[in-house]
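Novice: missing the sequence, but the structure's below:
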């Protein structure tokens, strides 16, 4: 991968910026902000030997082996060099061509043009005045003079470099002098970046890689100002460490004393195996930290300390860090596949202070995992490791160290009419739920076979019966209140049975053209799903780690009426597709479902009749999609949950909207004063091309229950003929503060990112 080269030092920017995102890969807009550079100059090396061919429309003078002169449509050809001019003189002893008037020198994909030139044809060196160079793929150089001083070495005097149309480029690099060595480096002096004729950036010295392959060198520096850490300078060095590896080192300096250091190491030992490690650490004098209330008595944003005590957010000096590791190997021996993904942060607030994506800034869990898996036939073997860290008032850590899993997909047992599915695992687990809750390690063995018998003799009716059981053994157990481990083993056994009935189905076909469809089929099918799980002895002593441990006794039936609408096009070969469906369902329990603490008020109050559920899906022609869901509690006579998701896509434009609401029926005793269980959330995103060169993207995250806009993010994109401008404005409301910031990015055609600055809107418009 080629990298955009940059100044080694001395680049001055007239901008205000916030410190750069250490990684940036988590930002959903990042792929648009960052583009790969494409700077390269390629020449084909011709075969040695050959003669110089001289042509002209009007020969003037000629003396054999001494000189030759011509005028009008002069052409000189040697190997891959073709020279044209209005007038020319060629001296045979020195192999030198003196050219005047509309001089054009073509060599491979490169063209040099000017008013006058002196060129040694066989050596392919010389000087051209009032020069212009056109380089692949779309680069242009206009200079007072260009010298070709070696086979791959050029010297430029008083010129400009651009990928815009000349003579009036929208942007350009103006340089006093440059020595360019192909497949090596360009070394430039007194370089300024200009928008039109206005100079914006300047550096006294610039080193620019011109290698066709990856090139070691300094990357684009970042400069600016941060309201907490002061003036900012970011330097990065890219180092090609091997044929399939590279390393990028990032150094961030702040005038207030903060120092950040980052490393990115990438490797690709084979086409089917690759990985990346990214690490970043910063000595932050203004870190958001949870401290005891006694240290900050005037604090107004509460938090919880690691030991469970109450605290408040404050600014403290501390070292903060982030680590990311990703590796995938699809070519392991014996058909195995390996994946490793690690995410680690020094503290919860790091996410809010540095991540730009709302999903990460608001995240309350970090998950790291890896697996080694192999699938053969109906069988699967998986070795899994996992670590999750959750922040919800207290820090909860759960780890698999490791877990060996075997599963058999539902498949026929020999030639019998029966089918077998099997899930099993052997795990070594570690949990730390915080002060006063279980902490320790234990082993767990789980075996879950299920035998099923499908009956589909009648086309409009499908019946499947199943039976199975589960055995789970634990090397340790908890006390009856689940507050600590007791050091005694435990086991769980239960049996299960099920019956699924689909049908009898009824259908009707309708002819009629609507959009791309010419025929429709309406299908009505009732569905009944019965499920029985026997009760578990003493479930409160079982340590709960994941969904395997959360299964408790139940005896219930779910019945549903499903309407499906299928459509097909007018073409004979067109296939039918489901364009809409409507499902109305309800669950009825024959016994009160078992809870973690049998006989508790929670179990006695649990209703046996569940809410009426409605699910509507519409997806015609892959242009519009809608998913609507609702739950109605007949006992409380109210809607308890609703959601609506809709999306429209056309060309490069899109609209996505999601609304979900939760209004659970209050418990018998009611809720504490001032508290509410209701929730209303709205998510909206859109991207629309306003004009040919202008586009706007926006994201909104709104909490309707609190009348609170959690995130408002808009991105304005302007595509010029040889550049792209991005302006992003965002408001992010997360405790302990609300952040309002901007981001401004300039990408140059075939060059890459020239400028990427961030800033605080509060800093600009605040009091």
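Specialist: Thanks, I have it. Keep in mind the model is a prediction, meaning the values are calculated, not measured.

Novice: so where do the strands sit in the stretch 1-150 of the chain?
Specialist: 53-55, 58-63, 67-78, 81-91, 96-107, 110-120, 125-135, 139-150 (DSSP state E, counting those that start in this stretch).

Novice: Please disregard the earlier target; I meant the stretch 651-767 of the chain.
Specialist: Under DSSP E, counting those that start in this stretch, the stretch 651-767 of the chain gives strands at 653-662, 679-689, 694-703, 708-719, 723-734, 737-748, 752-760.

Novice: Can you check which of the strands of the stretch 1-150 of the chain gets nearest to residue 624?
Specialist: Residue 624 lies closest to strand 139-150 among the strands of the stretch 1-150 of the chain, at 44.1 Å (Cβ to Cβ). For every residue, glycine as well, the C-beta is placed using N, CA and C.

Novice: Quick one: residues in contact with the closest one.
Specialist: Residues outside strand 139-150 that contact it (Cβ atoms under 8 Å, 6 or more residues apart in numbering): 39, 41, 112, 114, 119, 124-135, 154-164, 166-167, 169, 181, 750.

Novice: Drop anything exposed from these.
Specialist: Among these, those classed as buried by 16 or more other Cβ atoms under 10 Å are 39, 41, 112, 114, 119, 124-129, 131-133, 135, 154-157, 159-164, 169, 181, 750.

Novice: model confidence over stretch 245-258, on average?
Specialist: What stretch 245-258 shows for mean pLDDT is 86.

Novice: Flag every buried residue along that stretch.
Specialist: Those would be 246-248, 250, 252-254, 258, for stretch 245-258 by 16+ other Cβ under 10 Å.

Novice: next one: stretch 541-553
Specialist: 541-545, 548-549, 551-553.

Novice: Throw the residues you listed into CSV and include distance to residue 510, thanks.
Specialist: Supplementary listing: the buried residues of stretch 541-553 in CSV, determined by distance: Cβ to Cβ, whole Å:
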residue, distance to residue 510
541, 59
542, 54
543, 57
544, 51
545, 52
548, 47
549, 50
551, 44
552, 47
553, 47
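
Novice: And these, which two are furthest apart?
Specialist: Checking the buried residues of stretch 541-553 with Cβ to Cβ, the most distant pair is 545 and 553, at 19.2 Å.

Novice: OK, contacts around the nearest residue to residue 591 once chain neighbours are set aside?
Specialist: Distance criterion Cβ to Cβ, 6 or more residues apart in numbering; nearest residue to residue 591, sequence neighbours excluded, is residue 555 at 4.7 Å. Contact analysis of residue 555 by Cβ under 8 Å, 6+ apart lists 531-533, 589-591.

Novice: Buried residues, the particular helix or strand that has residue 555 in it. List them.
Specialist: In this assignment (DSSP states H and E), residue 555 forms part of strand 554-568. Using 16+ other Cβ under 10 Å as the test for burial, strand 554-568 gives 554-556, 558, 560, 562, 564-568.

Novice: same deal with stretch 711-718?
Specialist: Buried-residue list, stretch 711-718, by 16+ other Cβ under 10 Å: 711-713, 715, 717.

Novice: And for stretch 419-429?
Specialist: Buried residues in stretch 419-429, counted by 16+ other Cβ under 10 Å: 419-423, 425, 427-429.

Novice: Repeat that for stretch 475-486.
Specialist: By 16+ other Cβ under 10 Å, the buried positions in stretch 475-486 come out as 475-478, 482, 485.
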